[in-house]
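Peer 1: have a look; sequence and predicted model below, questions after that.
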Amino acid sequence: MKRWYFGTLGALVAAGLVVIVVMLVLPKPPIPGSLKQQLTSTLIVPSHKQATIDRSSAKYDGSLKVLSFTVSIAGHKLVMAEQPTPDQFVDVPQAFQKVLENMNEYDSFDSVMGTVHLTKPQSLHGGQTAVLNAKGTLLFATPAANLSTDQWRRFFNSFTVSQ
């Protein structure tokens, strides 16, 4: 009887350890579920293999429908903001182009998610913001320090739609 008891107890402890290890090894969702449930647009994030999303920095403004969070990639920190693509950008494509002009677009390139537009808004005094309008989401990425076009390209080519 003791042998059966200790055998069963040992099996339960081993199973518990396996569950704990699996939970520690599996990647956590990039954005907490409570925030993700509130989103009304597609969540586009960099691959967890390329970048680290600071889950504690994630904030959602329900009145503006804007999700913001901080990402670290290759030693660079970026603040990302995502929102549903405004209807006027869909109905009148020139409206999006006008926004890019007002943000001082200086370059663009194709990525796995779509065309990325690099801008230098006056409000950032020479700082950069990358803009992506894809899959019903308007995304802005602003680095703490300017990035080269190649760095931007590598960053955006790591993006995926979060499930």
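Peer 2: Okay, I see it. Numbering: from 1, shown residues only.

Peer 1: for the most centrally placed residue in the chain, helix, strand, or coil?
Peer 2: Closest residue to the average C-alpha location of the chain: Val45 at 2.9 Å, with Cα atoms, centre = their mean. At Val45 the chain is in strand, as set by DSSP: H, G, I helix; E, B strand; the rest coil.

Peer 1: do you know the pLDDT at it?
Peer 2: Looking at Val45, its pLDDT stands at 82.

Peer 1: which residues does Thr137 bridge with?
Peer 2: Pro84, Ala134 (DSSP bridges).

Peer 1: mind listing what it touches?
Peer 2: 41-44, 82-85 (Cβ atoms under 8 Å, 6 or more residues apart in numbering). Quick note: C-beta positions are derived from backbone N, CA and C, even for glycine.

Peer 1: buried subset of those residues as a PyMOL selection?
Peer 2: Under the burial definition 16 or more other Cβ atoms under 10 Å, those of the contacts of Thr137 that qualify are selected in PyMOL by:
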select buried, resi 41+42+43+44+82+83+85
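
Peer 1: just flag the most distant two among the contacts of Thr137.
Peer 2: Leu43 and Thr85 (13.4 Å; Cβ to Cβ).
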